[in-house]
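Visitor: mind folding the following:
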Amino acid sequence: MTKQQPLILVTNDDGIMAPGLVALAGALAALGRVVVVAPERDNSAASHSLTMRRPLLVREDGPDRFAIDGTPADCVIVGVGKLLKARPALLVSGINPGPNLGDDISYSGTVSAAIEGTMVGIPSLAVSLAGEPGEGYELAAAYAVQLARLVLTNGLPPDTLLNINVPTRTGPVIKGVRFTRQGRRKYDGAIQETNDPWSRKHYWIGGGTPVLDEGADTDVQAVVAGWVSVTPLHLDRTNHDALSYLARSWGEALRNQGEEGP
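Guide: Next comes the predicted model:
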């Protein structure tokens, strides 16, 4: 009996026509049947937003390709819940043209699509190209295939997704894969002030100079040093050390208040 190919759901936040999506879907076809469900247009920095106040239009863009006029999270929800006839064995989001490192993760639509996949129990990866857009999609796709193959074989820990950042060839020589923790990647000067032709003041968020985390074990420094960064992210955002501290240090004071309230 012929073994059935695994079903792989591919999405992104840059839109159905993005070159990173095309490279990723093409490379993953070596592992199974790929179905693309992606936003109709660019949804960069959409984070985990859902479209709640209007219906979503689905357009069939070709065999096993669907475009939705919504967010990356919308695409996963509708794709898994309505468009796919079977449950995917894997979800891969990307390839994002630019890094998703440190604080960027909170805003990333690429990562949020993988978070949504993890929330519904599908092993999920987010893949980003940490360098100049347009350079190195094939290389990032090759690493995505390598890691996807391992996930299909070995699975992932519960409630865990992988955030993968691949340096471009224009940077340091890639040394291999390093498992990392999420660092910090803040920006100086990220709010630009401008005036329109009617002298009304506007503010444009974006750009700025990144302030990089210096921790040697972080995703940020791994990419700077020429490593492919693989960061396991967990759905549980609870700070368990802080939880223990609050229960120990604040608990008595709150219990002493009794029913009097604040």
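Visitor: is the most centrally placed residue in the chain in a helix, a strand, or coil?
Guide: Most central in the chain under CA atoms, centre = their mean is V111, positioned 1.3 Å from the mean C-alpha point. Put simply, V111 is helix when judged by DSSP: H, G, I helix; E, B strand; the rest coil.
Visitor: ok, now which ones touch the closest residue to it other than its chain neighbours?
Guide: Once flanking residues are discounted, V111 sits nearest to A126: 4.5 Å by CB to CB, 6 or more residues apart in numbering. Where C-beta positions appear, they are placed from N, C-alpha and C, glycine not excepted. Contacts of A126 were listed using CB atoms under 8 Å, 6 or more residues apart in numbering, and they are 92-94, 96, 100, 108, 110-111, 113-114, 161-164.
Visitor: again with H240
Guide: Applying CB under 8 Å, 6+ apart to H240 gives no contacts.
Visitor: how close does it get to H234?
Guide: Distance of H240 to H234, computed by CB to CB, to the nearest Å: 11 Å.
Visitor: ok, now I164?
Guide: 16 Å.
Visitor: then A216?
Guide: 22 Å.
Visitor: now do Q5
Guide: Applying CB to CB to Q5 and H234 gives a distance of 30 Å.
Visitor: did I read that right, the residue nearest to V111 in a helix?
Guide: No - read with three-state DSSP, A126 is strand and lies in no helix.
Visitor: just the strands in the stretch 101-250 of the chain please.
Guide: For the stretch 101-250 of the chain, the strands defined by DSSP state E, counting those that start in this stretch cover 124-130, 160-167, 176-179, 185-188, 191-195, 201-205, 209-212, 227-234.
Visitor: and among those, the most buried is which?
Guide: For those, the largest average neighbour count (mean count of other CB atoms under 10 Å) is found in strand 124-130, namely a mean of 28.
Visitor: let me see the mean pLDDT of that one.
Guide: Across strand 124-130, the average pLDDT comes to 96.
Visitor: can I get it in PDB, CA atoms only?
Guide: Provided in PDB are the C-alpha atoms of strand 124-130 (Å, rounded to 0.1, in the frame of the first residue of the first chain):
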ATOM      1  CA  SER A 124       3.900  24.900  13.100                       C
ATOM      2  CA  LEU A 125       7.000  26.800  11.900                       C
ATOM      3  CA  ALA A 126       7.500  30.400  11.100                       C
ATOM      4  CA  VAL A 127      10.300  31.200   8.600                       C
ATOM      5  CA  SER A 128      12.000  34.500   8.000                       C
ATOM      6  CA  LEU A 129      14.900  35.800   5.900                       C
ATOM      7  CA  ALA A 130      17.100  37.900   8.200                       C
END
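Visitor: now the angle from that strand to strand 160-167?
Guide: Angle of strand 124-130 versus strand 160-167, following axes from the mean of the first three to the mean of the last three CA atoms, to 10 degrees, is 20 degrees.
Visitor: direction included, what does strand 124-130 pair up with?
Guide: Strands adjacent to strand 124-130 in the sheet, as given by DSSP bridges, are strand 90-97 (parallel), strand 160-167 (parallel).
Visitor: ok now it, how far from the chain's centre?
Guide: Averaging C-alpha positions (CA atoms, centre = their mean, to the nearest Å) puts strand 124-130 6 Å from its chain's average.
Visitor: my guess is H48 contacts I115. True?
Guide: Yes - using CB atoms under 8 Å, H48 is in contact with I115, at 6.2 Å.
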